[in-house]
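**Q** This is a predicted model, with the sequence first.
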Amino acid sequence: IRARQPVMATSQEPAVPADPLVRRVRLDELGILLPASIAMFTEEVGLPPDVGDGGLLYRARVEELIRMGRAFARIEDGRVVFKAEIGAVTPRACQIQGVWVHPELRGRGHAVAGMAAVVRYALAEFAPVVTLYVNDFNAPARAVYRKVGFEEIGEVMSILF
């Protein structure tokens, strides 16, 4: 049970410089993005997303996000440095999900600059408000989002089963 997950939103251009190397992931890079996506999911939920069906459904979802132009990453030397996707999209708002920085590269500013880039894409191409939710205990992520310009506007609760 995740009893408190702050919902954060912004409708402003990021207050920090965007990483110019964050871009849309190409379909031929699915094999590079998928391991990072699995690592992110496993860190977040505590179980890998490929349990049960061998990962077919999860792979299909990651591929779908790439095809829709909603998967973004900084990829260097065949490895994901930073990644995030724009999951839900409506005319009024969109939601960023799957934010992840390679563990060996954390603490170097990739999350702040990467999020700034994704927020810029989101505001320009998807919706006038960009949202996300975050675990209340994830202080580093919450600090990143505040630096980019997000403000807490509410909270949700998730029950994982």
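**A** Now that the structure is in, tell me what you want to look at.

**Q** Tell me how many other residues crowd residue 31.
**A** When counting by other C-beta atoms under 10 Å, one arrives at 9 neighbours for residue 31. Just so you know, the C-beta spots here come from the backbone N, C-alpha and C atoms, and that holds for glycine as well.

**Q** From the contact counts, what lies against whatever helix or strand it lives in?
**A** Assigning secondary structure by DSSP states H and E places residue 31 in helix 30-45. Helix 30-45 sits against helix 56-67, strand 71-76, strand 79-89, strand 94-101, with contacts defined as 3 or more C-beta pairs under 8 Å, 6 or more residues apart in numbering; DSSP states H and E.

**Q** Tell me the buried residues in it?
**A** Neighbour counts over helix 30-45 (16 or more other C-beta atoms under 10 Å) mark 30, 32, 33, 34, 36, 37, 38, 39, 40, 41, 44 as buried.

**Q** Which pLDDT value goes with the last one?
**A** Going back to what we said before, that points to residue 44. On pLDDT, residue 44 comes in at 90.

**Q** And the fifth one, by the same measure?
**A** According to the model's per-residue confidence, residue 36 sits at a pLDDT of 98.

**Q** got it, and the third one?
**A** Reported pLDDT at residue 33 in the predicted model: 98.

**Q** For it, give me its contacts.
**A** 25, 62, 66, 71, 73, 75, 80, 83 (C-beta atoms under 8 Å, 6 or more residues apart in numbering).

**Q** could you redo the buried residues of helix 30-45 as CSV and give each row distance to residue 141?
**A** Output for these, formatted as CSV (distance: C-beta to C-beta, whole Å):
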residue, distance to residue 141
30, 25
32, 23
33, 20
34, 22
36, 16
37, 17
38, 19
39, 15
40, 12
41, 15
44, 10
